[in-house]
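J.: Provide a 3D model corresponding to the input given below.
(one chain, ligands or ions: 1)
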Amino acid sequence: MEKQPRLLASQLLLKNCVFEVSLNRVFLTWKEVSTKKKRVSGSIHHPFKVDPGHSVRVSEVLAVGELDLDSGMKEDGRWQKMPQKPTEAYPHAFTVSYVERARHHRWRCCDVTFHCQEWALCQQWVQTIREQLAALTGRPKHLLVYINPYGGKQQGKRIYQQKVAPLFARASISTDVIVTEHANHARDHLRTEAELKQYDGVVCVGGDGMFSEIVHGLVSRTQTDNGIDQISPEEKLVACTLRIGIIPAGSTDCICYATIGINDPVTSALHIIVGDTQPMDVCSVHHNNAFLRYSLSLLGYGFYGDVLADSERKRWMGPARYDFSGFKTFMTHNYYEGTVSFQPATDTLGTPRDKSPCRAGCLVCLHNKRLCPEHSPAKCMADPDSSDSECEGGWRVIRGKFLAINAASMSCACPRSPMGLSPAAHLADGTADLILVRKCSRFNFLRHLLRHTSKDDQFDMTFVEVHRVKRFRFLPRHCQNDSELDLRENGKRLFSQICRDHPACGCSPAFSSWNCDGEVLPHAAIEVRVHCQLIRLFARGIEDPPVFEEVPTPCGI
Ligand SMILES: Nc1ncnc2c1ncn2[C@@H]1O[C@H](COP(=O)(O)OP(=O)(O)OP(=O)(O)O)[C@@H](O)[C@H]1O
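T.: All right, here's what the predicted structure looks like:
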C-alpha cells in the first residue's frame, strides 16, 4: 500500500502516559513512547508490556471535539466522564470518537482523549481531523427517519431516542423524524410528499415489513420522477440515489442481519454515520402484466407460502404462531403442481452451490454488475437428466409437483438459520437463486429443512434443485387455461374442481400462496424479474473476521 504522508504528529498525553500520535489521510495512530521518562503522574510502568499501538481508519472516526477540562464538558455541550485528572503540564484536551469492532460484527463507539501542552496544538489537532472528516464524501449530513412505533416489541421510538439519536448528534447529522401513524404511512409519504432533494438518505426504524414499505415508496418515487412506468414488467427501472439505513426494531430483521451481520441498533447507526454503501438487487413481481410488489429477500410458494398464510390467521398467538404454523404446515405435507420457467444466469460469475458467500466488497457482485446481467441474452440448456425440463425461446421450463418453490435474492441468513436459505446467494449480482423442492416423503423434507440450521448442503438431495436466474415465471397447473386467477375469489371454486380431478379427496389443494417477504400475494401465477442494484443501503455487507482477532482495547480511554 502506498505510504501516506503525515499530516500531523505530536507527543500527547493519554492515560497519564506519553503517546506518539500521528495522522495521515488514512489512519490516526497512537503508540506509547517507550522512554523511562514517560510517566507523568501516578501511573504504573510495566517494563515487559510492549504496546503494539492503536490505529483507527480516518473513515471510521465519527467525530472530534475539544474538551473543557475544568467542567468536563465537550464543545457540543455534552458532559463527558473525565478520562483523567488534568495535569499542569498538559492542560488542554480533545476527544476523538471512533468505531471499535467487537465480536460477531458488532460495532461500538469509543472515545479516546488526548491531552496537549499547548492550546494552539489542541486546536490544530481538532481542526486537522475535522478537515479530514469533511473530505469524506460519502457521509450523510441530513437524514429522513421513519419510526414504526408498533414494530417488534414496540420499542422503535425508545431504541431510536436512546441509542441512535445521540450518535447522530455526536456525528453532527441532522434529522427529520416521522413516527408513522398507520401502515403504509412511510410508503405513501415517500411516494408523494417527501422533499427528497434535501436529504442524503432515509432511515427506517422497524422490521423487514417497514423496510419493504420504505423500498416501495422510494423505488416508486424514483420511477415517477424519471418518467418510468413501473407497472410494465419489461421496463428498465432507474436505480434510487438515496441510500437507506435500517435500525433493527422489528420481530424479523433479516435484511439488516444479511447486510451487516448482526441485528444491533448501535452497529447500524455507526454504518450510517460512516456513510457505508451496499447495493442491493430488487425483484419486481407481476401478474398478467400488472405490478404486484417488490421483493427483497424471499419469494416462497408451497411450504413458506402456507406457513405465512396460516400464521396470518393466528396473529393472536404472537411470535409463537410461526413455529405453530410451521409444524402444522409440515404435517399437512401439501404439494402443488405447476410449471416453472426461468432465464438462467449463465454468463454471470458464481453458482448457488459454489460455497462462496457474499461478503463485504464482494467481487462476484462487482463483476456481475459490470456485465449488467439483465441485459445480456439468456442461454438455455435443458437438463439432460430431467425428462420434464425443456427450453422455449431462452427460457427453461420445468413441470412438476413441488413441496416448495423458493426464490432467494439474498442468502436470507438470520439468527435461526445462520447460513440462510441459499448460502451463496448474492446481495447485488443481478440474480436470484430459484430452489425447487419436488414432492418427496415427509422424512426427506424434514432432512432438507434441518440442513438449513447446519453447515450441510441443503441442495445435495435428489428431490432438490437450485438454479441461478434473472427472471422466472410460475403457473399453477389448474389455471394454465384460465386467463385470470384471483385466489381470493376463485380459490374455493377451483379447490372443489381439483378434488373432482383427483380420485380420492384429502388430496393437496390446487394452490398455495406466494410469501413475498412476509406478505401474502393475491395471485399464484406470477412473473418475477431481478433488477440489478436498484437500491443502496448504508451497510457494507458482512465483514470477514480478521484472521487473528485482536482483543479490543477498552473503550473510553
Ligand atoms: N404506525 C403504524 N401502525 C400500524 N402498522 C404500521 C405502522 N407503521 C408501520 N406499520 C406496518 O407494520 C408492519 C410491520 O412492521 P415491522 O416490519 O416494522 O415490524 P415486525 O414486528 O418485524 O413485523 P411483522 O409483524 O411483519 O413481524 C409493516 O408492514 C408496516 O407497514
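J.: use CA for all of it now, contacts and neighbours both
T.: Noted.
J.: Skipping adjacent residues, who's closest to the residue of the stretch 301-450 of the chain found nearest the ligand in space?
T.: Closest contact between the stretch 301-450 of the chain and the ligand, by C-alpha to the nearest ligand atom, is at Pro319 (7.8 Å). Nearest non-adjacent residue to Pro319, counting by C-alpha to C-alpha, 6 or more residues apart in numbering: Ser251, 7.8 Å away.
J.: pretty sure the one you found contacts Lys153?
T.: Yes: shown here, Ser251 and Lys153 form a contact pair, counting by C-alpha atoms under 8 Å, at 7.1 Å.
J.: Mind checking which of the two has more residues around it?
T.: Counted by other C-alpha atoms under 10 Å, Ser251 and Lys153 do not tie: Ser251 has more neighbours, with 15 against 11.
J.: what's the spacing between that one and Tyr150?
T.: Counting by C-alpha to C-alpha, to the nearest Å, the separation of Ser251 from Tyr150 is 10 Å.
J.: all helices for the stretch 51-200 of the chain, in order.
T.: Assigned by DSSP state H, counting those that start in this stretch, the helices in the stretch 51-200 of the chain fall at 119-134, 156-159, 165-170, 185-188.
J.: what helices or strands is the last one leaning on?
T.: Translated: helix 185-188. Applying 3 or more C-alpha pairs under 8 Å, 6 or more residues apart in numbering; DSSP states H and E, we find helix 185-188 packed against helix 208-225.
J.: Grab the CA positions of the helix it packs on and hand them over as CSV.
T.: C-alpha atoms of helix 208-225 as CSV (Å, rounded to 0.1, in the frame of the first residue of the first chain):
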residue,chain,number,x,y,z
ASP,A,208,-38.5,-6.2,7.4
GLY,A,209,-42.1,-5.1,6.8
MET,A,210,-41.2,-1.5,7.5
PHE,A,211,-38.1,-1.7,5.3
SER,A,212,-40.2,-3.1,2.5
GLU,A,213,-42.6,-0.1,2.8
ILE,A,214,-39.6,2.3,2.5
VAL,A,215,-38.3,0.5,-0.5
HIS,A,216,-41.7,0.5,-2.2
GLY,A,217,-42.0,4.3,-1.6
LEU,A,218,-38.5,5.2,-2.7
VAL,A,219,-38.5,3.0,-5.8
SER,A,220,-41.9,4.2,-6.9
ARG,A,221,-40.9,7.8,-6.4
THR,A,222,-37.7,7.4,-8.3
GLN,A,223,-39.6,5.9,-11.3
THR,A,224,-42.2,8.6,-11.2
ASP,A,225,-39.6,11.3,-11.0
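J.: Touching that helix from outside, list them.
T.: Around helix 208-225, the neighbours that count as contacts under C-alpha atoms under 8 Å, 6 or more residues apart in numbering are 148, 151, 184, 186-192, 204, 229-230, 237-240, 246, 250, 252-255, 293-296, 517-518, 535.
J.: neighbours around the residue lying closest to Pro418 once chain neighbours are set aside, how many?
T.: Using C-alpha to C-alpha, 6+ apart and skipping the chain neighbours, the partner closest in space to Pro418 is Thr453 (7.0 Å). Thr453 has 17 neighbouring residues, counting by other C-alpha under 10 Å.
J.: now do the one 5 residues further on
T.: Burial measure for Gln458: 21 neighbouring residues, criterion other C-alpha under 10 Å.
J.: for Asp111, same thing?
T.: Look at Asp111: counted by other C-alpha under 10 Å, it has 22 neighbours.
J.: What residues does the nearest residue to Tyr150 once chain neighbours are set aside make contact with?
T.: Closest residue in space to Tyr150, ignoring its immediate chain neighbours: Gly156 at 7.3 Å, by C-alpha to C-alpha, 6+ apart. Contacts of Gly156 were listed using C-alpha under 8 Å, 6+ apart, and they are Ile147, Asn148, Pro149, Tyr150, Val205, Gly206, Ala249, Gly250.
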